[in-house]
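**Student:** Structure of the sequence below:
(2 chains)
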Amino acid sequence: MDLSPRNPASPLRNLDLTLLLSTVGVSLVGVLMVYSATRQKQETAGLDPTFFLKRQAVFLVLGLVAMGLVLLVDYRRIRDFAPMLYGGAILALLLVVSPIGTSRRGTQAWFQIGAFQFQPSEVAKVVLILTLAAVCAAVRGSLDTPTLLAALGLAFLPMALIYVQPDLGTNMVFVAIVIAVLLVGGAQPRHISLLALLGISAIVLVVELGMLQDYQRDRLTAFLDPQTDSQRSSYNLRQSQIAIAAGGVAGRGLFQGTQTNLSFVPEQHTDFIFTAVGEELGFIGGVSLLSFFGVMMWRIWRAAVLARDQFGRLVCVGVLAMLVFQIFENVGMTMGITPITGIPLPFMSYGGSATIASFIGIGLVLNVHMRRFS
Amino acid sequence: MTQDSSRLRLGVLGMVVLSLFCALSARLWYLQVLASPTLAVEAQHNSVAVVYTEAPRGRILDRNGKVLADNRVVLALVANREEVGKRPEVLDRLSALIGVPVNVLNERMADERYSLFKPVPVAVDVPKDKLIYVREHQGDFPGIQGVQVTERVYPHGALAAHVLGTVGEINDEELGPRKAAGYKAGDTIGKSGIELTYETDLRGEPEISKLEVDSVGRVQRSLGGQPAVQGNDVRLTIDLDIQRAAEDSLAQGIVLARKSTDFLTGKPFLAPGGSVVVTDPRNGSVLAMASNPAFNPNEFTNGISVRRFAELNDPAGHYPLNNRAIQGLYAPGSTFKLATSIAGLRAGLITPRDTYNDQGAYTVVGQRSATFTNARGARNGLVDVAKALTVSSDVFYYWLGERFWDGRGSLGQAAIQDVGRSLGMGEYTDIDLPFESNGRVSDPAGRQKLHKDNPEAFPYPEWYTGDNLNIAVGQGDTAITPLQLTNAYASFINGGTVYAPHVGDAVLDRQGQEIRRVEAKVLRRVEIPASIREPLLAGFRGVVADPLGTGFGVFSGFPLAAFPVAGKTGTAEVGGKQDTSLFTAYAPADSPRYAVSAVLEESGLGASAAGPVVRRVFEAIAVKEGISTAPPADVNRVDGRD
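**Tutor:** Got it, this is the predicted structure:
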């Protein structure tokens, strides 16, 4: 296929530039904030203050390249590879919990490749979106029970492997993806009620039967009772909120956040990157960032509405669910309205696998959108 | 599934997404616009650590401005916890260099009293060469720094130690009520003496430095603060020269007593300790206060070792930490006759001219007949009250004591004791020194109470006639402090004004300007008409001036014409121990400016041990007054009758 823009039939002429530019814009802000959150600490430790800046910039470029590669292939061709991709993802998740994988702070979720780590669960999210979309799009009309069960089964397998790592946050993203895709994919009202019931019982069982580690339960419930100072989780939460509040309307200015620079806020460059935005850029900066995210979500939703086929639509819905859930959960966590989970903020948090996976997700949406006429 | 249904579901999804973004924006609005001011304060607070460094204490001066307590700069090694924590081998090297065991250094490093943001002092008062070695080999001692710290020093060592007191590190009990005043764990605080009483004046304002600190405690930068302000100086009423004379004389008297034989036991006197007090009877200011044995307060400055502290509290050492002048309790013996005489004259039981024929013994007839004798069986013949004081006739006072008991129906059971108490005996003197004892003047009511409270120690609740004879001559279980004795006589000779004695004179700022004077405090005025006063003054003068006086021999050769001294001897019998030797005196006899008392435990007659000590103190005072030029001669033991 001729992708050259000079070709009047080229899908690239229908590329959603709004989505592309807002994504790149958010990513650039992310690189800047990662630098702001790490430079002081690096300098104090006598290390290169631009270490994280450089690496996140590399991740951004790698993400753009991955996105470009996704654009080259018609998304309907990609659907054909879904079973292979799914198999690969499951294999990677199996290997990562084997001795090959690398453990960090009690979670075994990474492969160490040279100076970089690869986190298969991030890519597994995108693979699950493709898989579920493919399965659900295969039936016409409402989903029948066998299809529904097949979809649930396909989602359950990677989630079980991720539970072993353990990585509670990623599994919550999986749940959001499954619910959104099944909802838009045509699940019947009785299926939805049944799933809701099942979900609630599962949560109760998990919490009550002690399937969670104490710290996991503490983190999940800390936001409900911020006064329990004994918990480290509650401390993090408090520090994070204080930092955001300290920003006020206009913020303290880039690189000026004392809470940020003094590393009061933990995991500042990864999970708590939004506190740096809140403290240094203030309400104006925070709302602007949320607005950019909002524009992205609107364009993804719009792509779903305009999609030529059910598969494309469901891929967009899956990506939308994945990103919205992560944004809401992550930003909400820093402000104390959602539980603390180790979910990164897409395009903002430092981390290669998540950044690249998010760009692949956007690539899929752009792909669906620009090929809506072909 | 219809196209419409799909659209509807996408619409629902869109609404969910929109509402989630609204929720985030609303929360952001709340945190950054509505709640920002209150939470922002917390942000500031969290990132600033305040480090306090103690200011040097104010000095303590004698009445002429001579320095009794000062500060000196010493070299100390401090360790940065973070850096040294990473390299434990540094402490091994340091241990070898300064000769302090590694576990001791580790304990100091872990000491929670020191601020986390301040280097920990691991060795104080380090020799200069060791400090230079550390500086020259900084590569081997990363995180170790040499600094200068100020610490308390008492340039005269043990001199006036009991008055000055000691400083030490604040303990939890002391810290609790002082937290509001800005005290911190690890601070230095006065533990005894003037250091304790005038703590608020002597303590300075600490250096406050504000540091920006990250969440794991690393100091990022300094945010300024305020410098330390040294505490105010405290000037005492103590005269260094008289204090030294008092201490030297007391020490000589004690050494001499130990070399002398007690004729009652045939053994040398034990003389475990004693005390000398010099006050100005006109206002209650204390010119000297000596207690023997003494201690060196410098030993306490950097924390006294447990072993040394145990040594100081060993009974074999006779408790050098006790200030016997205000804590030692002694039977006053014949010195108590001051009270008995005033009581007798005031009650009209005797007139100044009434005499009694002292034949050396006095017998009480009754159900518990007993004979009481003068010390050494002296017979004094016809004595009036003045003569009785001069020659120390016990028989005269036995006679008076029995008449008081016979007249108790109208005079009350404790007429003698009441006079003693009104002069401050057996009561807290309210001096500005801590841990004073009150003692007691024994009486029938008090004895009953003692028996009730502790029947084993005080088996007899009753008060017999014999007890009244005993109290009349200051015997029995009456016990007073040397300061009370001095103050009682001072109150009598100044015309009846009982002052609360004071050691503090004024608080001075750094320029030497008076901030606050310690005013003389009048506890009460005792009515002593001239008809009572004159005969007693004559009696006390006779003690020294009359060849028959018990203190005549003590002052032979003293320039009495230029500097007339009057006083009273006392020899107190103590069950199971050798006699307590007491002498209290004042001078010049016509308008007294000095009241001096000496009390020597287990040292014999008042005239033999305490008298010569008091004499030597007066010799020093005479030199100061320009009356005498000869420096005080060494204390000599004198024979006597009381």
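
**Student:** Need the three-state assignment for B:S597.
**Tutor:** Using DSSP: H, G, I helix; E, B strand; the rest coil, the structure places B:S597 in strand.

**Student:** That one and chain A: what is the separation?
**Tutor:** 62 Å (Cβ to the nearest Cβ, to the nearest Å). In short, each C-beta sits where N, CA and C put it, glycine included.

**Student:** List the contacts of that residue.
**Tutor:** B:275-277, B:482, B:485-486, B:489, B:582-585, B:610, B:614 (Cβ atoms under 8 Å, 6 or more residues apart in numbering or on different chains).

**Student:** The stretch 401-550 of chain B: strands as residue ranges?
**Tutor:** B:497-500, B:504-508, B:514-517, B:521-525 (DSSP state E, counting those that start in this stretch).

**Student:** likewise the stretch 51-200 of chain B?
**Tutor:** B:60-61, B:67-79, B:120-124, B:144-153, B:167-169, B:188-190.

**Student:** Find the residue ranges of chain B scoring beneath the pLDDT cut-off.
**Tutor:** When residues are selected by pLDDT under 70, those of chain B lie in B:1-3, B:39-49, B:112-117, B:213-221, B:367.

**Student:** which residue is nearest the middle of it?
**Tutor:** Chain B has B:G193 as the residue nearest its centroid, 4.1 Å off, counting by Cα atoms, centre = their mean.

**Student:** Double-check that one against B:G168; I have them as touching.
**Tutor:** No: B:G193 lies out of contact with B:G168 (Cβ atoms under 8 Å); the separation is 11.9 Å.

**Student:** Mind giving me the PyMOL command for buried ones among the contacts of B:S597?
**Tutor:** Buried residues among those (16 or more other Cβ atoms under 10 Å in any protein chain shown), as a PyMOL selection:
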select buried, chain B and resi 275+276+277+482+485+486+489+582+583+584+585+610+614
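
**Student:** Of the contacts of B:S597, which is the nearest to chain A?
**Tutor:** B:S275 (56.8 Å; Cβ to the nearest Cβ).

**Student:** Helix, strand or coil: sort out that closest one for me.
**Tutor:** What three-state DSSP gives for B:S275 is strand.

**Student:** Outline the domain layout of chain B.
**Tutor:** Annotated domains of chain B cover B:50-236, B:240-299+B:318-624 [automatic domain parsing].

**Student:** Name the stretch among these that sits most buried.
**Tutor:** Highest mean neighbour count of the domains of chain B: domain B:240-299+B:318-624, a mean of 21 (counted as mean count of other Cβ atoms under 10 Å in any protein chain shown).

**Student:** How far does it sit from its chain's centre?
**Tutor:** 20 Å (Cα atoms, centre = their mean, to the nearest Å).

**Student:** Need the distance between the two termini of that domain.
**Tutor:** End-to-end distance for domain B:240-299+B:318-624: 11 Å, by Cα to Cα, to the nearest Å.

**Student:** ok, back up a step: would you turn the contacts of B:S597 into CSV with distance to chain A?
**Tutor:** Formatted as CSV, the contacts of B:S597 follow (distance: Cβ to the nearest Cβ, whole Å):
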residue, distance to chain A
B:S275, 57
B:V276, 60
B:V277, 58
B:P482, 58
B:L485, 61
B:T486, 60
B:Y489, 65
B:L582, 65
B:F583, 68
B:T584, 65
B:A585, 69
B:A610, 66
B:V614, 67
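
**Student:** quick one: which of the contacts of B:S597 is nearest to B:L256?
**Tutor:** B:A610 (11.3 Å; Cβ to Cβ).

**Student:** thinking again about what came up before, take the domains of chain B and lay them out in a markdown table including distance to A:G336.
**Tutor:** Converted to a markdown table, the domains of chain B look like this (distance: least, Cβ to Cβ, whole Å):
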| stretch | distance to A:G336 |
| --- | --- |
| domain B:50-236 | 18 |
| domain B:240-299+B:318-624 | 52 |
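
**Student:** circling back: TSV for the strands of the stretch 51-200 of chain B, including distance to chain A?
**Tutor:** Formatted as TSV, those follow (distance: least, Cβ to the nearest Cβ, whole Å):
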stretch	distance to chain A
strand B:60-61	44
strand B:67-79	20
strand B:120-124	21
strand B:144-153	20
strand B:167-169	31
strand B:188-190	32
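
**Student:** Throw those strands into TSV and include distance to B:L536, thanks.
**Tutor:** Shown next, in TSV, are the strands of the stretch 51-200 of chain B (distance: least, Cβ to Cβ, whole Å):
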stretch	distance to B:L536
strand B:60-61	37
strand B:67-79	37
strand B:120-124	57
strand B:144-153	46
strand B:167-169	44
strand B:188-190	41
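
**Student:** Can you give the distance of the helix or strand harbouring A:P83 from its chain's centre?
**Tutor:** According to DSSP states H and E, A:P83 maps onto helix A:75-96. Mean C-alpha position of helix A:75-96 versus that of the full chain (Cα atoms, centre = their mean) differs by 18 Å.

**Student:** related to what we said a few turns ago, which of the contacts of B:S597 fall within helices?
**Tutor:** Among these, the residues falling in helices (DSSP state H) are B:P482, B:L485, B:T486, B:Y489, B:V614.

**Student:** Just the CA atoms of stretch B:161-180, as PDB, please.
**Tutor:** Extracted as PDB, the C-alpha positions of stretch B:161-180 are listed here (Å, rounded to 0.1, in the frame of the first residue of the first chain):
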ATOM      1  CA  ALA B 161      31.900  23.700  95.100                       C
ATOM      2  CA  HIS B 162      28.800  23.200  97.200                       C
ATOM      3  CA  VAL B 163      27.600  26.800  96.600                       C
ATOM      4  CA  LEU B 164      28.400  26.800  92.900                       C
ATOM      5  CA  GLY B 165      26.900  23.400  92.300                       C
ATOM      6  CA  THR B 166      27.300  21.300  89.100                       C
ATOM      7  CA  VAL B 167      26.000  21.100  85.600                       C
ATOM      8  CA  GLY B 168      25.100  18.000  83.700                       C
ATOM      9  CA  GLU B 169      23.000  16.700  81.000                       C
ATOM     10  CA  ILE B 170      19.300  17.200  81.400                       C
ATOM     11  CA  ASN B 171      17.400  14.100  82.300                       C
ATOM     12  CA  ASP B 172      13.800  13.100  81.400                       C
ATOM     13  CA  GLU B 173      12.400  14.200  84.700                       C
ATOM     14  CA  GLU B 174      14.000  17.700  84.400                       C
ATOM     15  CA  LEU B 175      13.100  17.900  80.700                       C
ATOM     16  CA  GLY B 176       9.400  17.200  81.000                       C
ATOM     17  CA  PRO B 177       8.300  20.500  82.700                       C
ATOM     18  CA  ARG B 178      11.000  22.600  80.800                       C
ATOM     19  CA  LYS B 179      10.100  21.600  77.200                       C
ATOM     20  CA  ALA B 180       7.900  24.700  76.900                       C
END
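
**Student:** Just the element for the residue of the stretch 101-250 of chain A found nearest chain B, please.
**Tutor:** Closest to chain B within the stretch 101-250 of chain A is A:A245: 3.4 Å, counting by Cβ to the nearest Cβ. Under the criterion of DSSP H and E, A:A245 resides in helix A:232-247.

**Student:** just to revisit the earlier point, quick one: buried residues of the helix or strand that the helix holding A:P83 is followed by?
**Tutor:** Sequence-wise, the next helix or strand downstream of helix A:75-96 (DSSP H and E) is strand A:102-104. Across strand A:102-104, burial judged by 16+ other Cβ under 10 Å covers A:T102.

**Student:** Okay, the residue of the stretch 101-250 of chain A closest to chain B and B:T38: tell me how far apart.
**Tutor:** 8 Å (Cβ to Cβ, to the nearest Å).

**Student:** out of the two, which sits in the more crowded spot?
**Tutor:** The neighbour count for A:A245 versus B:T38, taken as other Cβ atoms under 10 Å in any protein chain shown, is higher for A:A245 (27 against 9).
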